[in-house]
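J.: Quick one: sequence plus predicted model below, questions after.
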Amino acid sequence: MKRRILLVDDEVAILLTLKAVLEIGGFEVDTAASGREGKIKLRTHSYHMVITDMRMESDAAGAEVIAAARSASYHPAIALLTAYPLAEEDWQTLGAGTMLVKPMHTQVLMQQLEKLLSSHQAKLLLTKVPPVKAKPSSKRTKPTASRTSKPSLKKIISNSSAAKPFTLKSLPKKSTKKKSTTK
């Protein structure tokens, strides 16, 4: 069973890039482009982890997503994703298990997520909370030919652009010049 992550961020470029990185890493990723959409998905699906941006449609949107995740009956691990780091006691007070600072190298991201999932699972076992049983996704997936041919996460990371951050700075900027209409 793949581990399910809800990724909440209002920056589409970050959302799509992180989604691709996480899917390559073996996660099933659901996305939300706003805090409001994220809270709805938290109520209608189950996730092993929630990764949310802090500032979206409002400065409190990320905190609201974290509160909704904390109140979910399936107890997901929670990571705060931000370009504006908070003091450790502030993000912990919000209820996040870790803070991820944008931009980040993909290898570091995957290591931090694995560490968070492991420590969160250990906490759940100590408090005797049942593990997450992810609700089936509405997306249809193609069956795989063989489960043994799946590469390990370490191999994926080492073969990927792990030394490169997941930012999209290399994309060309839109031209603001007007085209000439003279004949």
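T.: Thanks, I have the structure now.
J.: And the closest residue to K115 other than its chain neighbours, how close does it get to H75?
T.: Nearest residue to K115, sequence neighbours excluded (Cβ to Cβ, 6 or more residues apart in numbering): T98, at 7.6 Å. Where you see a C-beta, it was placed from the backbone N, CA and C, and this is true even at glycine. Going from T98 to H75 by Cβ to Cβ, to the nearest Å gives 16 Å.
J.: returning to what we had before: could you pull up phi and psi at the residue nearest to K115?
T.: In terms of degrees, to the nearest 10, the main-chain angles of T98 are phi -160, psi 160.
J.: Please renumber the chain so that the first residue is 51 from this point on.
T.: Okay, residue one is now 51; in that scheme the one you just asked about reads as T148.
J.: Show the model's pLDDT score for it.
T.: pLDDT, T148: 84.
J.: can you check the one 5 residues further on too?
T.: In this prediction, P153 carries a pLDDT score of 76.
J.: Please go through the protein and pick out the longest helix.
T.: Longest helix in the chain, counting residues (DSSP state H): helix 156-176.
J.: Now do the helices in the protein.
T.: Under DSSP H, the chain gives helices at 62-74, 85-94, 111-121, 138-144, 156-176, 203-209.
J.: Buried deepest among those, which one?
T.: helix 111-121 (a mean of 20; mean count of other Cβ atoms under 10 Å).
J.: That one - contacts with which helices or strands?
T.: strand 54-58, helix 85-94, strand 99-103, strand 127-132, helix 138-144 (3 or more Cβ pairs under 8 Å, 6 or more residues apart in numbering; DSSP states H and E).
J.: Look up how far D80 lies from K173.
T.: According to Cβ to Cβ, K173 stands 23 Å off from D80.
J.: repeat for E164
T.: 19 Å.
J.: what is the residue nearest to K165 paired to in the beta sheet?
T.: On the basis of DSSP bridges, T148 is bridged to A129.
J.: Check D80 too.
T.: Under the criterion DSSP bridges, D80 forms beta bridges with L56.
J.: List the residues that contact it.
T.: 54-57, 91, 95, 97, 187 (Cβ atoms under 8 Å, 6 or more residues apart in numbering).
J.: Mark which of those residues are buried, thanks.
T.: Among the contacts of D80, those classed as buried by 16 or more other Cβ atoms under 10 Å are 54-57, 91, 95, 97.
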